[in-house]
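Visitor: Mind folding the following:
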Amino acid sequence: MLKIWALKDRQEQDLPCLGALRPVEDAASRRTCLKKRVEVDTMGSYIKEIITPLYGREPLRDLERRDPNWSFQRGNCLGVLCTRTKRPAIGYVTRISGVHRFCLPVYDAEAFPSAFYHITGYMVTEDRYVAVARRNTLFWVLLGLAAGAVFVGTYLTIQYGPQGAWEELSGFFTQLWGRWMGW
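Guide: Prediction:
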């Protein structure tokens, strides 16, 4: 299950509120978890979690057919919710559960390249929607390959020195190319 962290209390003061999340009546949905660190004066802190619906494209197209004021067009996307990122937020959407107010940071949709992020679903506000993204598998594969290359380069440099490492690597790739081409 995807987990999205809300902003801490009073951390949203510098950001504009983009709307409040609402459920879609009679729509099939998956679930996602919203988390928030709640600070209690003189008592410490705890983490509050709630489960909220995450809709696919088909329920939003049905909502578009039923409600003439609501549109599932790309221009109506407020932005992207993501698990955790270092990007600056453009605003926030709210979700209220009991006495807790979850302020979820919304990021610019253009800043999430499709090679590294995958849209897993959507959440609905009054008249617009936000996309929910997670890291794509390709990102983790490329990260693993890069870590492996750094490890091999470091090992060869320690074992043979910088000049010997280049000679070993060039010899390895020459043999690999020769086998692949059938020489």
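
Visitor: Now residue 7. Nearest residue, chain neighbours left out?
Guide: residue 103 (4.5 Å; CB to CB, 6 or more residues apart in numbering). Using the backbone N, CA and C atoms, a C-beta is placed for each residue, glycine as well.

Visitor: Now do the SS call for that neighbour.
Guide: Assigned with DSSP: H, G, I helix; E, B strand; the rest coil, residue 103 falls in the strand class.

Visitor: Check the spacing between it and residue 112 real quick.
Guide: As judged by CB to CB, to the nearest Å, residue 103 and residue 112 stand 20 Å apart.

Visitor: swap in residue 20?
Guide: Where residue 112 is concerned, residue 20 sits at a distance of 23 Å (CB to CB).

Visitor: Between those two, which is the more surrounded one?
Guide: More crowded of residue 20 and residue 112, by other CB atoms under 10 Å: residue 112, with 20 against 12.

Visitor: mind pulling up the phi and psi values for that one?
Guide: The phi and psi values for residue 112, taken as degrees, to the nearest 10, are phi -110, psi 100.

Visitor: check contacts around it.
Guide: The contact partners of residue 112, by CB atoms under 8 Å, 6 or more residues apart in numbering, come to 80, 82, 133.
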